[in-house]
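Participant: Quick one: sequence and predicted model below, then my questions.
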Amino acid sequence: MYRKKKTTRVSSTTDLITNEINDDKLLHDLNPQQKRAVTCSTNQSTLVLSGAGSGKTRVLTSRIAYLLKNCNVKPYQIFAVTFTNKAALEMRHRISQMLPGIQLNDMWLGTFHGLANRFLRIHCKMVGLKSDFLIIDPDDQLTIVKKILKDEINEKNFYTDKPKAIVNYINKCKEEGKRSSDIIPKNENRFKQLIYTKYEKYIYEENKVDFGELILLTKELLEKEIDLRIHYSKKFQFILVDEFQDTSTLQMDWLKLMMDRDDQNKIVRNCFMAVGDDDQSIYAFRGAQCINNIEEYLKALYLDRENPEHIIKLEQNYRSTNIVLEAANSVIDHNHSRLSDNLE
């Protein structure tokens, strides 16, 4: 029997207003809160508070697929950040299955470091790097610091933990967006700052970058080159960030550089969706600022914590038993600064 297909009603003010399509296969098996997150308006930014096991990866994947299929959004307009490379690959695979035939190569989907690497490979000359620059890991950093201590400082009998402490200091400074020249020397950090200065010089001359440097260089270049910032903020009109509670100060500063775009001499907000859990933050040791980042996000995008259209809460848990949830909720209830409610 022939069934008439539902049509979407598009607002006269924009062709990017999302509308819920009840018979769309992308929305099958989503609960009401998940469906709201997937189909929310592209006219405004949203904070999705998602507890453990509440299906946030599925929501993000379905949101991207929904934008591509139903909102006339092109893959190159999407900038999506995941916490791990594995999550990025899984999301890309799921989207390909949802929308067979759509080419996703132009979509920027990956970790902060992966996306910064892609950006710098394109604009390496603007930051003084060669196109074949090498990315070094913490073990490489440790080796470089030991070399500096031995060859330049002439300190051969340093304690085993001193190089590690210096590497941690360098990485923490970068996560806060600080160069060695930005740090006011004090007695307790004067020596570490000296090594940081020599470390910066060494990796630059060797055409190498560490993980923090990837993002710091990206952020600095976008700050310095206004035309470049305008280009990317106009290109990436849909920005999605997973595990938002674990973003660092430096990562947050990068995101803020792409919040607005110039549309015919009029400043327009890009459409952000941050997905996070304000009940957890396990990366504070490397610069993550859970509650601060969420509050800053709300303020920067003029979102009202009391407006249900601005904050969507995923509270249905699909992973844990009631006993586990009751125990977790009893502990979390003591956090009076949280925005989300208890998981069910």
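Facilitator: On my side now, so go ahead. If you're wondering where the values come from, they're calculated on a predicted model, not measured in any experiment.
Participant: Tell me the confidence at residue 75?
Facilitator: The score at residue 75 is 97. That number is its pLDDT.
Participant: Is it in contact with residue 68, as I believe?
Facilitator: Yes - with contact taken as CB atoms under 8 Å, residue 75 and residue 68 are classed as touching, separated by 6.7 Å. Just so you know, the C-beta spots here come from the backbone N, C-alpha and C atoms, and that holds for glycine as well.
Participant: between those two, what contacts are shared?
Facilitator: Counting by CB atoms under 8 Å, 6 or more residues apart in numbering, the shared contacts of residue 75 and residue 68 are residue 102.
Participant: okay, these two: which has more neighbours?
Facilitator: A side-by-side neighbour count of residue 75 and residue 68, using other CB atoms under 10 Å, places residue 68 first with 22 against 18.
Participant: Can you tell me the element the more buried one falls in?
Facilitator: In this structure, residue 68 is located in helix 56-70 according to DSSP states H and E.
Participant: ok, residues contacting that helix?
Facilitator: Here helix 56-70 has contacts from 8, 18-19, 21, 24, 26-27, 30, 34, 37-39, 42, 48, 50, 73-75, 78, 80, 87, 90-91, 94-95, 98-99, 102, 107, 109, 238, 240, 242, 273, 275, 314, using CB under 8 Å, 6+ apart.
Participant: again, only this time at 7 Å
Facilitator: Applying CB atoms under 7 Å, 6 or more residues apart in numbering, the external contacts of helix 56-70 come out as 8, 18, 21, 26, 30, 34, 37-39, 48, 50, 73, 75, 78, 80, 87, 91, 94-95, 98-99, 102, 238, 240, 242, 273, 275, 314.
Participant: tell me the SS of the closest residue to residue 36 other than its chain neighbours?
Facilitator: Computed as CB to CB, 6 or more residues apart in numbering, the closest residue to residue 36 that is not its neighbour in sequence is residue 312, at 5.4 Å. Using DSSP: H, G, I helix; E, B strand; the rest coil, the three-state assignment for residue 312 comes out as strand.
Participant: how about residue 312, what does it touch?
Facilitator: Neighbouring residues of residue 312 by CB under 7 Å, 6+ apart: 33, 36, 37, 40, 46, 48.
Participant: could I get those residues as JSON lines with pLDDT?
Facilitator: Written out in JSON lines, the entries for the contacts of residue 312 read as follows (pLDDT from 0 to 100):
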{"residue": "33", "pLDDT": "92"}
{"residue": "36", "pLDDT": "93"}
{"residue": "37", "pLDDT": "93"}
{"residue": "40", "pLDDT": "93"}
{"residue": "46", "pLDDT": "89"}
{"residue": "48", "pLDDT": "91"}
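Participant: shaky segments in the stretch 101-250 of the chain?
Facilitator: Counting by pLDDT under 70, the stretch 101-250 of the chain contains low-confidence residues at 154-161.
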